[in-house]
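**Q** The sequence and its predicted three-dimensional model are supplied below.
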Amino acid sequence: MLVRALIVLAVLGLAALGWWWWSRREGQVRHVEIPGALTPDVLGAPRGYRATYVQFSTPMCAKCPGTRALLQRVAAEYEGVTHVDIDASERLDLARELDIMRTPTTLVLDTNGVVVARINGAPTEAQAREAIDATPSPGTEYAI
């Protein structure tokens, strides 16, 4: 009887540890640089002047609508930032190319369309702002 109780406690402990590890990764901003730019033709929408949130969603994703609303609200607060929502099930080729394994996954593009940050899972508002704040500001095209 004692052995069974210890096994149950060990399984519960491992499950709690796994849940803690998974929840710590949720929405975490990872700074990456994927070579090559994502053009407006590839995205199917115009990019922002400063940055672009590219959110990959699926119809069955429970957290995607909330993430969409959050990213649209944050993008509206920054000048030159836009939000593009891509249905990963319809754009499977692009999702595979960018290694999208779960939804929501958000890529942050700089002014040139280069991926500079990746958020796996639903971000918090602070994490969404962190991703934009870490994006290099565009320079001016004019020099005197």
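**A** Cool, got the structure.
**Q** so how many other residues sit close to Ala45?
**A** Applying other C-beta atoms under 10 Å, we find 14 other residues in the vicinity of Ala45. Using the backbone N, CA and C atoms, a C-beta is placed for each residue, glycine as well.
**Q** wait, what's in contact with the residue lying closest to it once chain neighbours are set aside?
**A** In space, and not counting its chain neighbours, Ala45 is closest to Val84: 4.6 Å by C-beta to C-beta, 6 or more residues apart in numbering. Going by C-beta atoms under 8 Å, 6 or more residues apart in numbering, Val84 touches 43-45, 47, 52-55.
**Q** got a pLDDT number for Val84?
**A** Looking at Val84, its pLDDT reads 95.
**Q** ranges for the strands of the protein?
**A** 29-37, 51-57, 81-87, 105-109, 114-120 (DSSP state E).
**Q** Same list, those, but as TSV with distance to Ser137 please.
**A** TSV is the format used below for the strands of the chain (distance: least, C-beta to C-beta, whole Å):
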stretch	distance to Ser137
strand 29-37	16
strand 51-57	9
strand 81-87	11
strand 105-109	13
strand 114-120	12
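**Q** mean pLDDT for these: which is lowest?
**A** Mean pLDDT is lowest for strand 29-37 out of these, coming in at a mean of 69.
**Q** Now do the buried residues in stretch 117-130.
**A** 117-123, 127-128, 130 (16 or more other C-beta atoms under 10 Å).
**Q** Show me which of those residues is closest to Asp99.
**A** Of all these, Asp99 sits closest to Arg118, with 9.1 Å by C-beta to C-beta.
**Q** Test my guess that the closest one contacts Thr105.
**A** Yes: between Arg118 and Thr105 there is a contact under C-beta atoms under 8 Å: 7.0 Å.
**Q** From the structure, what's the count of residues near Val116?
**A** Applying other C-beta under 10 Å, I find that Val116 has 19 neighbouring residues.
**Q** With Ala51 as the reference, measure out to it.
**A** Per C-beta to C-beta, to the nearest Å, Val116 is found 8 Å from Ala51.
**Q** just Val11 next, same as before
**A** 44 Å.
**Q** out of those two, which sits in the busier spot?
**A** A direct count of neighbours by other C-beta under 10 Å for Val11 and Ala51 places Ala51 higher, at 25 against 10.
**Q** Much appreciated, bye for now.
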